[in-house]
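Colleague: prediction below, plus the sequence it came from.
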Amino acid sequence: MRARTQSGIKLDQLMVIVEKTILCYQNPVTALFERHGWVRDNLYAAQALWAMYRTYRKSAELDEDLAKANELGFTCIKIMQSLLECMMRQVDKVELFKKHLRGSDSLHAKYSVQTKSSVVGDNDWGHLQVDAISLFLLILAQMTASGLQIVRNFDEVAFVQNLVYYIEVGYRTPDYGIWERGDKTNQGICELNASSIGMAKAALQAINDVGDLFSDGSKGSIIHVLPDEVQQCSAVLSSVLPRESFSKETDAALLTVISYPAFAVEDPDLVKLTRDTIEETLRGRYGCRRFLRDGYKTVLEDPNRLYYINSELQKFENIECEWPCK
């Protein structure tokens, strides 16, 4: 039996961390996480597992490594399939949203981990989050390209194509953004967000590059993306940065666009300008603010209200929570 190398030992140590911080919160039936399964949170958890899957496959030293890789791969597939099933239960909403672009017709942002059904009403949460659906398509494309077959039949292919239509006009679709609160005043007002536009651009490019979702040359499993929509997203994104939106000078969410996971900005000068703006504006003593005057989880925020009163926004200045960053 071959001896474990230092890199193999480190990989096993990382796996222990993943088990303690991610896998222990997973539902054994649906593979989704926590009591309410937020689409975005589950996707980032799936990406962590996918990274471990690829690393174990690439640096397999023992038979156990390949077994662990296969287990992680099946877990990633199950997570993605469960999220797809959650959204397919609201297929009628997609058709209505494509026609009217109404927030009440948007796919929900969170689902029951046990039943994969809705947990809040259409108007009881800021469901319209273009970046979350875009992130799903981006990760679906990446995992499929790596050899994991997530899409199982032509009904799912058709729905994925519909999701492409759902996000392709992200450059002109005001949404609630990555923090689910809408504009800076947190009064349930949607606005164009650069982070959503950038994620939509990355997703459209990725799903277009994959082509065949079945990996067997089936013409019916090829997803079609209009190049003009990608260019529209790119043009609007470049014109908005380094701002996040009309109400937000900048936002930590833009880090997901200029770097992992979207890498949606090609201009290195614009990437640097955006990153410098974020650091100069939002970096604090302990981490990074989400955006200026963000009242979330501060001592002055009223936890019994979903939205703010416009006049109270100033009281959150200089007491915003800071999130860990490097």
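Modeller: It's in.
Colleague: tell me, how many residues neighbour Glu191?
Modeller: Close neighbours of Glu191, defined as other Cβ atoms under 10 Å, add up to 17. In short, each C-beta sits where N, CA and C put it, glycine included.
Colleague: whoops, I mixed them up, Phe74
Modeller: Per other Cβ under 10 Å, the neighbour tally for Phe74 reads 13.
Colleague: list the contacts of it.
Modeller: For Phe74, no contacting residues are found, by Cβ atoms under 8 Å, 6 or more residues apart in numbering.
Colleague: tell me which residues in the particular helix or strand that has it in it are buried?
Modeller: Phe74 belongs to helix 63-88 when elements are defined using DSSP states H and E. Residues 65, 68-69, 72-73, 75-84, 86-88 are the ones in helix 63-88 that count as buried (16 or more other Cβ atoms under 10 Å).
Colleague: ok, and the closest non-adjacent residue to Glu156?
Modeller: Leu84 (6.3 Å; Cβ to Cβ, 6 or more residues apart in numbering).
Colleague: so which residues make contact with whichever helix or strand comes after the helix holding Phe74?
Modeller: Counting by DSSP H and E, the element after helix 63-88 in chain order, helix or strand, is helix 91-100. With Cβ under 8 Å, 6+ apart as the test, helix 91-100 has contacts from 87, 102, 105-107, 159, 162-163, 165-166.
Colleague: where do the strands sit along the stretch 151-300 of the chain?
Modeller: Secondary structure of the stretch 151-300 of the chain (DSSP state E, counting those that start in this stretch): strands at 288-289.
Colleague: what of the stretch 1-150 of the chain?
Modeller: Under DSSP E, counting those that start in this stretch, the stretch 1-150 of the chain gives strands at 36-38, 110-112.
Colleague: and those strands, which one's lowest on average pLDDT?
Modeller: Per-stretch mean pLDDT for those is lowest at strand 36-38 (a mean of 90).
Colleague: got the buried residues for that strand?
Modeller: Those would be 37-38, for strand 36-38 by 16+ other Cβ under 10 Å.
Colleague: which strands border that strand, and is each parallel or antiparallel?
Modeller: Using DSSP bridges, strand 36-38 pairs in its sheet with strand 110-112 (antiparallel).
Colleague: now the strand it pairs with, how far from the chain's geometric center?
Modeller: 15 Å (Cα atoms, centre = their mean, to the nearest Å).
Colleague: do stretch 237-249 as well
Modeller: How far stretch 237-249 lies from its chain's middle: 19 Å, per Cα atoms, centre = their mean.
Colleague: name the residues that touch stretch 283-293?
Modeller: Applying Cβ under 8 Å, 6+ apart, the contact partners of stretch 283-293 are 179, 184, 244, 248-253, 278, 281-282, 296, 313-314, 316-317, 320-325.
Colleague: quick one on the thing from earlier: let me know the closest of the contacts of helix 91-100 to Leu135.
Modeller: Leu163 (11.3 Å; Cβ to Cβ).
Colleague: just confirm that closest one contacts Leu137, I think it does.
Modeller: Yes - using Cβ atoms under 8 Å, Leu163 makes contact with Leu137 at a distance of 5.9 Å.
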